[in-house]
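J.: Just need the structure, nothing else, for what follows:
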Amino acid sequence: MSTAIIGTLYAGATLGAMLAGIPIAFALGAVALVFMLAFMPGASLDTVAQNVYEEMASITLLSIPLFILKGAAIGRSKAGQDLYSAMHAWMHKIPGGLGIANVFACALFAAMAGSSPATCSAIGSAGIPEMRRRGYSGGFAAGIIAAGGTLGILLPPSITMILYAVAAEQSLGRLFLAGIGPGLLLVLLFAAYAAWRFRREFATARAAYATGGPEHPILAEDRYSMAERFSTLPRVLPFVVLLTGVMVALYGGYATPSETAGLGGILALVLIACIYGVWRARDVSPILTATLRESTMLMLIIGMSLLYAYVMSYLHISQAAAAAIVGMHLSPWLLLLTILLLVVGLGFFLPPVSIILMTAPIILPPLKEAGFDLVWFGVVMTITMEMGLIHPPVGLNIFVIKNIAPDIPLSEIIWGTLPFVILMGIAILVLCVAPGIALWLPDLLLPSTK
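T.: Numbers count the residues shown, from 1 in each chain. Predicted coordinates:
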């Protein structure tokens, strides 16, 4: 049987398992085992556990559960609400300052927690009700939090970046640094849109009030004294110091990514114990349970995805697919566009973890041959996968928002996120024109040895 036919069967079986509703890890593992049994030597089944272990025996992957612990400690405390309150107090005078404060709070929390759903939940649980109370439309408020939450997979410490570093065999430090510039670009784009959208809703409310309508809540003005502003800082500054210290330890060469993750997890537990009194067994138990549950789920997906990729490589499916892409003789930019459209399509059904591990063996060799920097592409691919977190039908952040704001119709949430999907597309175009936005910082601090 030809490689093309086997590859088609492999893709069809995978799609069928996904559409059947089988959990991703079990779907990928089952398809891989069936094709090992059908097309590989019988002895290969005896080495499944060994192959999965060898693929996962990476010191870089060790940092994943430790970063999850850090995120769970911060996400399950009141750190998100305190961070949001501080940003709101300092930015309330800016037009649309409440929405902008939510964007910046999402960015800072994402950088501390490294998780998109955790960011949406922590900031959204405080931010969405407050924005609704101040007159923001439901879709606008939901879109800000959903899009801000996606920064969790772009800003360091991003678990998605860790997996890409393993799959692409790239420096994790360079990838983390490369995500900072584009992350700030997205923050500025989101903030600019929030200010513009606020002005529109404010003007509409003011016009209605001028013609005799009721006074809309969006017309009310907040007032904070300087003392009130500074009173919000004591609980926030320790977490900002934690973020800064972790980044200095990592990029200053004082600790490896795994050591940095462990340091961050321990310090996060110490901070929530000192600031919020979360130190008793009954308080810490939910944090450890959530960490164990999420880590186990994620590592199982990673293991099965690596087995899936191993079988695809053994059967020469990935090599043949890569050769076919190269054989199309597409121009570099058309090749990039084709691959990004593939990632967008996969984002309708799969989470970023599976997309990276399943597609890396196929798409990275042609991109490297076409002359693209794989660190830069990792950032572009991450932003493309961010779109998948906020567009239907399987936008994870959409359903997180629906869970914390059940009064907002799902259709309204979806329409509220679409402008941010467009802004992400604009950010990708900007990075194509000016790749230095992603590469200047890693080139400055961690020059490539290649």
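J.: quick check: longest helix of the chain.
T.: For the chain, the helix with the greatest residue count under DSSP state H is helix 172-210.
J.: quick one: average pLDDT of that one?
T.: For helix 172-210, the mean pLDDT works out to 90.
J.: Name the surrounding residues that touch the next helix or strand along the chain from it.
T.: Where DSSP states H and E defines the elements, the next helix or strand beyond helix 172-210 is helix 226-231. In this structure, residues lying in contact with helix 226-231 by C-beta atoms under 8 Å, 6 or more residues apart in numbering are Ala89, Trp90. Quick note: C-beta positions are derived from backbone N, CA and C, even for glycine.
J.: In three-state terms, label Pro392 for me.
T.: coil (DSSP: H, G, I helix; E, B strand; the rest coil).
J.: Return the helix or strand in the protein with minimum mean pLDDT.
T.: The weakest-scoring helix or strand in the chain, judged by mean pLDDT, DSSP states H and E, is helix 48-56 (a mean of 76).
J.: Show me how far that one is from its chain's centre.
T.: Distance of helix 48-56 from the chain centroid (C-alpha atoms, centre = their mean, to the nearest Å) equals 26 Å.
J.: for the very next helix or strand once past that helix, packing partners?
T.: Next along the chain after helix 48-56, taking DSSP H and E as the criterion, comes helix 63-75. Helix 63-75 sits against helix 97-113, helix 116-133, helix 159-168, helix 257-276, helix 281-314, with contacts defined as 3 or more C-beta pairs under 8 Å, 6 or more residues apart in numbering; DSSP states H and E.
J.: per-residue confidence averaged over helix 63-75?
T.: Throughout helix 63-75, pLDDT has a mean value of 83.
J.: Just the buried positions in it, please.
T.: Residues of helix 63-75 classed as buried by neighbour count (16 or more other C-beta atoms under 10 Å): 63-75.
J.: So which residues make contact with stretch 198-215?
T.: Under the contact criterion C-beta under 8 Å, 6+ apart, stretch 198-215 has outside partners Pro95, Gly96, Leu98, Gly99, Gly135, Tyr136, Ser137, Phe140, His216, Ile218, Leu219.
J.: just to revisit the earlier point, what packs against the least confident helix or strand of the chain?
T.: Packing contacts for helix 48-56, counted by 3+ C-beta pairs under 8 Å, 6+ apart, involve helix 281-314.
J.: can you state the direction angle for the helix it packs on and helix 63-75?
T.: 150 degrees (axes from the mean of the first three to the mean of the last three C-alpha atoms, to 10 degrees).
J.: how about helix 281-314: buried residues?
T.: For helix 281-314, burial by neighbour count (16+ other C-beta under 10 Å) applies to 284, 287, 290-291, 294-295, 298-312, 314.
J.: list the buried ones in the helix or strand just after that helix?
T.: Remark: after helix 281-314, the chain's next helix or strand is helix 317-327, criterion DSSP H and E. By neighbour count on 16+ other C-beta under 10 Å, the buried set for helix 317-327 is Ile317, Ser318, Ala320, Ala321, Ala322, Ile325.
J.: What sits closest to the fifth one if chain neighbours are left out?
T.: Translated: Ala322. Closest residue to Ala322 apart from its sequence neighbours, by C-beta to C-beta, 6 or more residues apart in numbering: Pro365 at 4.6 Å.
J.: How confident was the prediction at the one you found?
T.: Looking at Pro365, its pLDDT stands at 88.
J.: hang on, the earlier thing: any idea of the angle the longest helix of the chain forms with helix 63-75?
T.: Using the same axes, to 10 degrees: helix 172-210 against helix 63-75 is 30 degrees.
J.: Buried ones in helix 172-210, by neighbour count?
T.: Result for helix 172-210 [16+ other C-beta under 10 Å]: buried residues 172-183, 185-187, 189-191, 193-195, 197-198, 201-202, 205.
J.: Equivalent analysis for stretch 115-135, please.
T.: 115-128, 130-132, 134-135.
J.: got a list of what Ala195 touches?
T.: Ile94, Pro95, Gly96, Gly99, Ile100.
J.: tell me the secondary structure for Cys432?
T.: helix.
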